[in-house]
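S.K.: with the input below, show me the fold.
(chains A and B)
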Amino acid sequence: MNWVGLQMLRHDRAKFAAMVVAVALAVFLMQNQAAILATMLSMTAAQIRDVRDADIWVTEPDVECFDQVKPMRDIQLQRVRGIPGIAWAAPLLKIDAIGRPEGGKLNTVTVLGIDDASLAGLPVRMKVGRADAIRELDTAVIDPGGHALFFPGEPFRSGRSVRIHDRRIRIVGISDIAAPFTGLPMLHTSRSTAAALNRGEQHMTSFILARSAPGTDAAEACRRINGIEGLRARTTAQFAADAMWFYGSQGVPMLFMVTITIGLVVGAAITGQTFLMFVKENARQLAMLKVVGTTDAQLGRMILMQGAVVLLLGSCFGSGIAAAVCDLVRSQPFLRSLYLPWEIAIGSCIALAAITGIAIFASFRHVRGLEPASVFR
Amino acid sequence: MNAFQNLDTSEATAVRCTALRKHFGEGDARVEVLRGVDYTARRGELSFLVGPSGCGKTTLISVIAGLLDTTAGEVTLFGRNIAALPDAERILFRRANLGFVFQQYNLLPALTAAENAAVPLLAAGVRRREAVDRAAALLDRLGLGSRTGAYPRQLSGGQQQRVALARALVHEPRLIVCDEPTAALDHATGESVMELLASAAVHPDRAVVVVTHDNRVFHFADVIAHMDDGRITQVVEGRQAAVAVSAH
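M.R.: Below is the predicted model of the structure:
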């Protein structure tokens, strides 16, 4: 009988299409908004996660995320290096400055000064050039979004320069790091070059990157560092989570949740209403099926199958559109980090199925209450 | 126990209604539709149930078919009291032993003629290919062999009613209940549908009960029971049936 149900669904093309489109739009809206939210939160921790060689981040106690900078005295670096279980520790200088390419416009840039000796925190992946080329004074590698902003429409290449304050910084490579939450161009340079750009600042250490020694748990090493007054150590995962929580608690996720909820409710309402209407309009046919001996269980399976097909098709279309849009948007350098986690793709479909399931259940109740004798009227 | 087992195959009576009462609503809204109906239909006969609109014919066949519960009285089909069957068994009993023909055909517009005729087999769990093949073969015997793949909207009223007849016969039921099978058809078409019903449906082991007020087809009846105001008022058998009831 499931086959009969599918034929009935296929026959009423207008309602079938309306239900599939409603599910597809709802799934697309939910996945798109949830993907943007997830990406934004992920971007708040992107620069932390991009540092692969260190597993411990040390900051001033009040610092909650990568974009909060409170410089530390250089002596703190020595203290961290002296903690048992720390294999190495290196400073990382982060400054914001105004940059301008030749003949281009001014723009705020984030400059990351990497320890000249160890190069700890250097980008792992490069699109153009070699990251270690920044050892040369007044050179830097720039992220793809920064390159697109400073040199719009130009292919990725090294050799161009950006003036920051009174220094000309030569671009020696294009890094392949995740897009920063701030959207600012991200320049990785040597700490000595960054220090020269850091006017008026006495302390040249924004973060201390450290690596736990083999056999020492990073969390345990963090506990030891936290015993030093004026320092706060976190594992990379903890610091990334803190950063996401910091931005996530600012209210922005609520705005996205509103849109996601609207998508869920509207999609489920349209789908549910149309499905219920579809079943009610077919009441006479369903009553006839009851008369000829179709059981409520068979009709229930039939309705469940109809609902499942609508949800499956709609979810596939919606997810496909969401993935395609995501892929399209990612081609823009500033939005390159946009991604659609599979958990969101599956979760949105399940959420919609659960809500629409109520309509399917209501439809089944309606069919169960159908008086077979009504077919004679 | 299977619902189809222990059917009385020896007795000539297929349907027996005894002191059947049925009312709808309660209090001031209470309507007595059947007021003590005693009725029988025998195997191998085409039994007509006639009477004015609102006299309770449709309610009576609904009760006989197990689609409505009785208020009082007893209905036995082939010796089996169907009111005593649990709901689930009653459905299985109906699926196996009853076929239906409706005034408005009630074909599923999404299915072809053969698929529509195969619905009772599909409901019984027969594989689709086999069910449709059996239905197509039956349609061929009913003169619709060339239209098995047509959808209801592509068929005339008479052809649709033949498909409905095939749907009523395809699972070889012991009782066929027809509700105004010719009411939506012109005289010639109605006549041919009744001829088909009389030739294809009537069988020594099967009873056919037809509710109608179309006196143009009364001559097909073996027995005509006249109903009025919720009671059987007259039963006429044999050749006098049409004449007697028309006069009535």
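S.K.: list the buried ones in the host helix or strand of A:Arg170?
M.R.: Assigned by DSSP states H and E, A:Arg170 belongs to strand A:167-175. Residues of strand A:167-175 classed as buried: A:169-175 (neighbour count, 16 or more other C-beta atoms under 10 Å in any protein chain shown). Using the backbone N, CA and C atoms, a C-beta is placed for each residue, glycine as well.
S.K.: give me the nearest residue to whichever residue of chain B sits closest to chain A, chain neighbours excluded.
M.R.: Using C-beta to the nearest C-beta, the single residue of chain B nearest to chain A is B:Arg95, 2.4 Å away. The spatially closest residue to B:Arg95, leaving aside those adjacent along the chain, is A:Gly293, at 2.4 Å (C-beta to C-beta, 6 or more residues apart in numbering or on different chains).
S.K.: same check, this time on A:Ser190
M.R.: A:Asp116 (4.8 Å).
S.K.: number of residues surrounding that neighbour?
M.R.: Using other C-beta atoms under 10 Å in any protein chain shown, A:Asp116 has 18 neighbouring residues.
S.K.: likewise for A:Ala241?
M.R.: The number of residues near A:Ala241, taken as other C-beta under 10 Å, comes to 15.
S.K.: so what secondary structure elements neighbour the helix or strand hosting it?
M.R.: Under the criterion of DSSP H and E, A:Ala241 resides in helix A:236-248. Counting contacts by 3 or more C-beta pairs under 8 Å, 6 or more residues apart in numbering or on different chains; DSSP states H and E, helix A:236-248 is packed against helix A:13-44, helix A:46-49, strand A:56-59.
S.K.: of all these, which lies closest to B:Gly190?
M.R.: Evaluated over the helices and strands packed on helix A:236-248, closeness to B:Gly190 peaks at helix A:13-44, with 34.2 Å, by C-beta to C-beta.
S.K.: just the angle between the closest one and helix A:236-248, please?
M.R.: 120 degrees (axes from the mean of the first three to the mean of the last three C-alpha atoms, to 10 degrees).
S.K.: re the thing from before, pull the distance from the strand holding A:Arg170 to the chain's centre.
M.R.: 28 Å (C-alpha atoms, centre = their mean, to the nearest Å).
S.K.: name the residues that touch that strand?
M.R.: With C-beta atoms under 8 Å, 6 or more residues apart in numbering or on different chains as the test, strand A:167-175 has contacts from A:99, A:123, A:125-131, A:133-134, A:136, A:138-144, A:147, A:156-163, A:186-189, A:193, A:196-197.
S.K.: likewise for stretch A:6-25?
M.R.: By C-beta under 8 Å, 6+ apart, stretch A:6-25 touches A:263, A:267, A:270-271, A:274-275, A:277-278, A:281-282, A:285, A:305-306, A:309-311, A:313-315, A:317-318, A:321, A:352, A:356, B:108-111, B:115.
S.K.: if you set the cut-off to 7 Å instead, what comes out?
M.R.: The contact list for stretch A:6-25, computed with C-beta atoms under 7 Å, 6 or more residues apart in numbering or on different chains, reads A:267, A:270-271, A:274-275, A:277-278, A:282, A:285, A:305-306, A:309-311, A:313-315, A:317-318, A:321, A:352, B:108-111.
S.K.: for it, the averaged confidence score.
M.R.: Average pLDDT, stretch A:6-25: 91.
S.K.: buried residues in that stretch?
M.R.: Those would be A:8-9, A:12, A:15-16, A:18-25, for stretch A:6-25 by 16+ other C-beta under 10 Å.
S.K.: one more: stretch A:151-167?
M.R.: Buried residues in stretch A:151-167 (16+ other C-beta under 10 Å): A:151, A:156, A:158, A:160-162, A:164.
S.K.: and for stretch B:192-211?
M.R.: Those would be B:192-194, B:196-198, B:200-202, B:206-211, for stretch B:192-211 by 16+ other C-beta under 10 Å.
S.K.: now the two most distant members of these.
M.R.: B:Ser192 and B:Ala207 (22.2 Å).
S.K.: count the neighbours of residue 77 for me.
M.R.: In the absence of a named chain, chain A is used. Quick note: A:Leu77 (other C-beta under 10 Å) scores 20 neighbours.
S.K.: sorry, I should have been clearer: chain B.
M.R.: Neighbours of B:Leu77 (other C-beta under 10 Å): 26.
S.K.: touching, it and B:Leu175? I think so.
M.R.: Yes: using C-beta atoms under 7 Å, B:Leu77 is in contact with B:Leu175, at 6.2 Å.
S.K.: which neighbours do these two have in common?
M.R.: Residues touching both B:Leu77 and B:Leu175 by C-beta under 7 Å, 6+ apart: B:14-15, B:97.
S.K.: tell me where chain B has strands.
M.R.: Along chain B, counting by DSSP state E, strands occupy B:13-24, B:31-42, B:46-50, B:72-77, B:80-81, B:98-101, B:175-179, B:207-211, B:223-228, B:231-237.
S.K.: in TSV, list the ones you listed along with mean pLDDT.
M.R.: Conversion of the strands of chain B to TSV gives the following (pLDDT from 0 to 100):
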stretch	mean pLDDT
strand B:13-24	91
strand B:31-42	91
strand B:46-50	92
strand B:72-77	92
strand B:80-81	88
strand B:98-101	92
strand B:175-179	92
strand B:207-211	92
strand B:223-228	92
strand B:231-237	90
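S.K.: in CSV: the ones you listed, plus distance to A:Ile228.
M.R.: Shown next, in CSV, are the strands of chain B (distance: least, C-beta to C-beta, whole Å):
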stretch, distance to A:Ile228
strand B:13-24, 88
strand B:31-42, 92
strand B:46-50, 100
strand B:72-77, 93
strand B:80-81, 91
strand B:98-101, 88
strand B:175-179, 92
strand B:207-211, 97
strand B:223-228, 102
strand B:231-237, 103
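S.K.: in TSV: those, plus distance to chain A.
M.R.: Converted to TSV, the strands of chain B look like this (distance: least, C-beta to the nearest C-beta, whole Å):
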stretch	distance to chain A
strand B:13-24	11
strand B:31-42	12
strand B:46-50	13
strand B:72-77	14
strand B:80-81	16
strand B:98-101	6
strand B:175-179	5
strand B:207-211	9
strand B:223-228	15
strand B:231-237	19
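S.K.: I'd like to know how many residues surround the closest residue to A:His165 other than its chain neighbours.
M.R.: Nearest non-adjacent residue to A:His165, counting by C-beta to C-beta, 6+ apart: A:Leu197, 5.8 Å away. By the criterion of other C-beta under 10 Å, A:Leu197 has 23 neighbours.
S.K.: please name the nearest non-neighbouring residue to A:Thr205.
M.R.: The nearest residue in space to A:Thr205 (C-beta to C-beta, 6+ apart) is A:Pro91, at 4.2 Å.
S.K.: A strand includes that neighbour, no?
M.R.: Yes: assigned with DSSP: H, G, I helix; E, B strand; the rest coil, A:Pro91 falls within a strand.
S.K.: circling back to that earlier point, quick one, what contacts the residue nearest to A:Ser190?
M.R.: Neighbours of A:Asp116 in contact, by C-beta under 7 Å, 6+ apart: A:135, A:190-192.
S.K.: check A:Cys65 too.
M.R.: A:44, A:242-243, A:246-247 are the contacts of A:Cys65 under C-beta under 7 Å, 6+ apart.
S.K.: rewinding a little: so of the buried residues of stretch A:151-167, which ones are in strands?
M.R.: Using DSSP E, these in strands are A:161-162, A:164.
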